[in-house]
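> this one's structure only:
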């Protein structure tokens, strides 16, 4: 049965499991005391038109649309490639490796798997996508991505590593499939080793962004998160327990964190990050939504791997930095790229397609922090993001809707303001879809499926 047909049948005859919503990590013992609450958020004003659906239903519809609901939208997974987003290449043509869609496909897969883990959904239709992505891309001879999802961009490779360790966890904890879990875990470990063994630029310990280029914050934060997740996975009792290997990954993650702190790319005390080094090995660029989020998640994962509560305290500083007015990352309680408030709405950026994923990575980090600490400090914030996605970002590809069906749950990158795709030259795409799905999944992780 073709995948798109299977998804139509899935949407038509099944609903989400009634089992309680699950979260990725168990709460750590003796969680840190939450001493200050984030700024309070208030509900968005009611919108004219159809009533918003529940977050649970919206998340289901968003996941189905990302998978491919049969409507042929620009968001769907492409079985020919086992990837998302290569719509400028006809079937049989060479994949457009110059587009953002290679690395964004890793985030699309990761967002989908996180949703399946939270909802404890073992549906084989989604398994086809996980397997298809793996099988069609594990080896790409005569391309810039020849084996095991590694290429010359260390940040690309790390995103794939994070996706496959997420897949290994899902296969083991939700589907009980040790064979697939082992397969995906091996690739996640390979990517981490591949990154670790690359030359270090600027005579520093930091990891390069691209082969022969200086280091940047996001790549190093990704590596810390990946090392932490591998350590936690290998530390747990079960078929994959390997405490010696877990210790190696914990040490490597700590070494990169030490370097980020030592060179002041990440200020642990203020929660502020800089973007990268330039060719002269000097720090340039300010913080971005995703660098703040990924740095927070790196600390969360290292905290889970080591059991040290102090990492959770430090992680919260990077989350809370986004709430500071000077960051311009929050508008009326909703995440935004600062450029969204400007006349061009970010469309003047040279890498605007990259920025469609930034907010999703931030809400992932917040959800992971809450799961790790057992705190509910950000419940209102996470619910507000989901509400904003449903009421401001859901569309049918042209006009804003309310996520009533998969086709009506194509998600734009703008959450804080109702900007329909027709009013922007930036269409909905796999990046904006996975980011919106991440917001919906994060709200589900609070244990509350609400209607707005």
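Cool, got the structure. Remember, it's a predicted structure, so these values are computed and weren't measured experimentally. Numbers count the residues shown, from 1 in each chain.

> From now on I want contacts and neighbour counts done on CA atoms only, so please keep to that.
Will do.

> where do the strands sit along the stretch 51-200 of the chain?
Under the criterion DSSP state E, counting those that start in this stretch, the stretch 51-200 of the chain contains strands at 77-78, 83-84.

> so how many other residues sit close to residue 339?
15 (other C-alpha atoms under 10 Å).

> What sits closest to it if chain neighbours are left out?
Leaving aside its chain neighbours, residue 339 sits nearest to residue 346 (5.0 Å; criterion: C-alpha to C-alpha, 6 or more residues apart in numbering).

> Same question for residue 391.
residue 402 (5.9 Å).

> And that neighbour, which helix or strand is it part of?
Here residue 402, judged by DSSP states H and E, is contained in no helix and no strand.

> Number the chain from 493, please
Okay, using 493 as the starting number, the last item reads as residue 894.

> quick one, phi psi at it?
Dihedral pair for residue 894: phi -140, psi 30, per degrees, to the nearest 10.

> Might you report the residue contacts of it?
542-545, 882-883, 886-887, 900-901 (C-alpha atoms under 8 Å, 6 or more residues apart in numbering).

> just residue 765 next, same as before
709, 756-759, 778-779, 783-784.

> re the thing from before, neighbour-wise, which one of the contacts of residue 894 leads?
residue 886 leads the contacts of residue 894 on contacts (other C-alpha under 10 Å) with 35 neighbours.

> That one against residue 899, yeah?
No - counting by C-alpha atoms under 8 Å, residue 886 stays clear of residue 899, with 9.5 Å between them.

> Check whether residue 559 really touches residue 621, as I assumed.
Yes - between residue 559 and residue 621 there is a contact under C-alpha under 8 Å: 7.3 Å.

> can you list residues touching both of these two?
Common neighbours of residue 559 and residue 621 (C-alpha under 8 Å, 6+ apart) are residue 569.

> more neighbours, the two?
Neighbour comparison, residue 559 and residue 621: the larger count goes to residue 559, with 26 against 21 (by other C-alpha under 10 Å).

> which residue is nearest the centroid of the chain?
residue 853 (4.2 Å; C-alpha atoms, centre = their mean).

> Give me the secondary structure label for that one.
Assigned with DSSP: H, G, I helix; E, B strand; the rest coil, residue 853 falls in the helix class.

> what's near enough to touch it?
782, 785-786, 927, 930.

> In a markdown table, list those residues along with distance to residue 595.
Listed next are the contacts of residue 853 as a markdown table, based on distance: C-alpha to C-alpha, whole Å:
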| residue | distance to residue 595 |
| --- | --- |
| 782 | 15 |
| 785 | 18 |
| 786 | 15 |
| 927 | 14 |
| 930 | 16 |
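
> that older thread, state the distance from the residue nearest to residue 883 to residue 607.
19 Å (C-alpha to C-alpha, to the nearest Å).

> now swap in residue 866 and tell me
Distance from residue 866 to residue 607, by C-alpha to C-alpha: 19 Å.

> Could you do residue 753 as well?
32 Å.

> Repeat that for residue 837.
29 Å.

> Comparing the two, which shows the higher neighbour count?
residue 607 (25 against 18).

> Run through the residues that contact the closest residue to that one other than its chain neighbours.
Using C-alpha to C-alpha, 6+ apart and skipping the chain neighbours, the partner closest in space to residue 607 is residue 933 (5.5 Å). By C-alpha under 8 Å, 6+ apart, the contact list for residue 933 reads 551, 606-607, 610.

> Which helix or strand contains residue 933?
Counting by DSSP H and E, residue 933 is part of helix 922-936.

> That helix - what's its average pLDDT?
Averaging pLDDT along helix 922-936 yields 97.

> now that helix, how far from the chain's geometric center?
Offset of helix 922-936 from its chain centre (C-alpha atoms, centre = their mean, to the nearest Å): 8 Å.

> likewise stretch 603-616?
With C-alpha atoms, centre = their mean, you get 14 Å for stretch 603-616.

> And stretch 652-661, by the same measure?
11 Å.

> Excluding its own residues, what touches that stretch? List them.
By C-alpha under 8 Å, 6+ apart, stretch 652-661 touches 595, 598-599, 601-602, 605-606, 622, 641, 672-677, 679-681, 683-684, 717-718, 721-722, 725.

> Apply 7 Å and report the result again.
Stretch 652-661 is contacted by residues 598-599, 601-602, 605, 641, 672-674, 676-677, 679-680, 683-684, 718 when judged by C-alpha atoms under 7 Å, 6 or more residues apart in numbering.

> One more: stretch 700-716?
In contact with stretch 700-716 (C-alpha under 7 Å, 6+ apart) are residues 644-647, 650, 692-694, 698-699, 745, 748-749, 757, 766-771, 773, 783, 786-787, 790.
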